[in-house]
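1. build me a structure from this.
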Amino acid sequence: MKKIPGPFEPPLVRRPKRNITARSYSCTTLTHKNNENGKVITMIMIEMIVNKKAQNPGFAPTN
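-> Here you go, the predicted model:
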């Protein structure tokens, strides 16, 4: 679902014949914002898990 022109559309792309409505523009920016927020939250959770494992390494198998 790609809407042109949006704030994240690369430059020099052919302009559409019709203008984008405020509602579809708003939906596009909201979708992008939620996607970015999800990535940030995922990275924070991964960092917390890695830090917890680094602080408490547990038992390491010996050969």
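
2. pull out the buried residues from the helix or strand containing Val50.
-> Secondary structure here is read from DSSP states H and E; on that basis Val50 sits in helix 22-55. Neighbour-count burial for helix 22-55, counted by 16 or more other Cβ atoms under 10 Å, picks out Thr28. Using the backbone N, CA and C atoms, a C-beta is placed for each residue, glycine as well.

3. other SSEs contacting that helix?
-> In this structure, helix 22-55 makes packing contacts with no helix or strand, judged by 3 or more Cβ pairs under 8 Å, 6 or more residues apart in numbering; DSSP states H and E.

4. tell me the mean pLDDT for it?
-> Averaged across helix 22-55, pLDDT comes to 83.

5. make 363 the first number, not 1, from now on.
-> That works, and once the first residue is 363, the last one we named lands at helix 384-417.

6. residue contacts, Ser388?
-> Counting by Cβ atoms under 8 Å, 6 or more residues apart in numbering, Ser388 touches no other residue.

7. roughly how far apart are Ile411 and Cys389?
-> Taken as Cβ to Cβ, to the nearest Å, the spacing of Ile411 relative to Cys389 amounts to 33 Å.

8. please apply the same query to Ile408.
-> 29 Å.

9. right, I'll leave it there.
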